[in-house]
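# Everything below, folded, please.
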Amino acid sequence: KVFKTKCSQCHTVEAGGAHKQGPNLHGFFGAQSGQASGYSYTAANKESGVIWGDTSLFDYLENPKKYIKGTKMVFAGIKKPDERKNLIAYLKNSTK
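Take a look at the predicted model:
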């Protein structure tokens with residue numbers, strides 16, 4: 001539910017899904033930030049060295065612009081820890 005209301009206007013999760021304003025997220029779990037083929041990332045994102053996992057996503061989703069300074073992701077973040085945990089669980093399953 002959180003993905004649908006807060007993420008799906010900019011991201012897709014299925015294999016071969018289109019990039020929108022944000023990149024398709026299929027296969028991103030365990031990968032380095034800024035690597036999805038065919039998406040135009042900021043240098044900040046490509047050079048961040050962030051590996052997407054439970055902890056990095058939990059912190060990033062709270063405040064993306066603070067976590068990766070210079071990202072173009074125009075999203076304020078998800079302040080509620082339970083919402084972030086539920087979203088991460090959803091992403092783990094839906095992006096493999």
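
# contacts and neighbour counts: CA atoms only from here.
OK.

# Any stretches of this structure with poor pLDDT?
Across the chain, nothing is flagged by pLDDT under 70.

# all helices for it, in order.
Here the chain has its helices, by DSSP state H, at 2-6, 43-46, 54-62, 64-67, 81-94.

# closest one to residue 75 among those?
Comparison of the helices of the chain against residue 75 by C-alpha to C-alpha identifies helix 64-67 as nearest, at 7.0 Å.

# contact partners of the closest one?
59, 60, 71, 72, 73, 74, 75, 76, 77 (C-alpha atoms under 8 Å, 6 or more residues apart in numbering).

# same question, stretch 39-57
Applying C-alpha under 8 Å, 6+ apart, the contact partners of stretch 39-57 are 19, 23, 28-35, 68-72, 88.

# picking that back up, any chance of the helices of the chain in JSON lines, with mean neighbour count too?
Listed next are the helices of the chain as JSON lines, based on neighbours: other C-alpha atoms under 10 Å:
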{"stretch": "helix 2-6", "mean neighbour count": "13"}
{"stretch": "helix 43-46", "mean neighbour count": "16"}
{"stretch": "helix 54-62", "mean neighbour count": "17"}
{"stretch": "helix 64-67", "mean neighbour count": "17"}
{"stretch": "helix 81-94", "mean neighbour count": "16"}
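
# Need those in JSON lines (columns: distance to residue 12).
Converted to JSON lines, the helices of the chain look like this (distance: least, C-alpha to C-alpha, whole Å):
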{"stretch": "helix 2-6", "distance to residue 12": "10"}
{"stretch": "helix 43-46", "distance to residue 12": "18"}
{"stretch": "helix 54-62", "distance to residue 12": "16"}
{"stretch": "helix 64-67", "distance to residue 12": "18"}
{"stretch": "helix 81-94", "distance to residue 12": "10"}
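
# between those helices, which gets nearest to residue 14?
Evaluated with C-alpha to C-alpha, the helices of the chain place helix 81-94 nearest to residue 14, the distance being 7.1 Å.

# would you put the C-alpha positions of the closest one in CSV?
This file holds the C-alpha atoms of helix 81-94, laid out as CSV (Å, rounded to 0.1, in the frame of the first residue of the first chain):
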residue,chain,number,x,y,z
PRO,A,81,9.4,3.7,11.0
ASP,A,82,6.7,1.1,10.5
GLU,A,83,5.8,2.4,7.1
ARG,A,84,9.4,2.3,6.0
LYS,A,85,9.8,-1.3,7.3
ASN,A,86,6.6,-2.4,5.4
LEU,A,87,7.8,-0.7,2.3
ILE,A,88,11.2,-2.4,2.5
ALA,A,89,9.6,-5.8,3.0
TYR,A,90,7.4,-5.1,-0.1
LEU,A,91,10.4,-4.0,-2.2
LYS,A,92,12.4,-7.0,-1.2
ASN,A,93,9.7,-9.4,-2.5
SER,A,94,8.5,-7.4,-5.6
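
# Fine, thanks again, bye for now.
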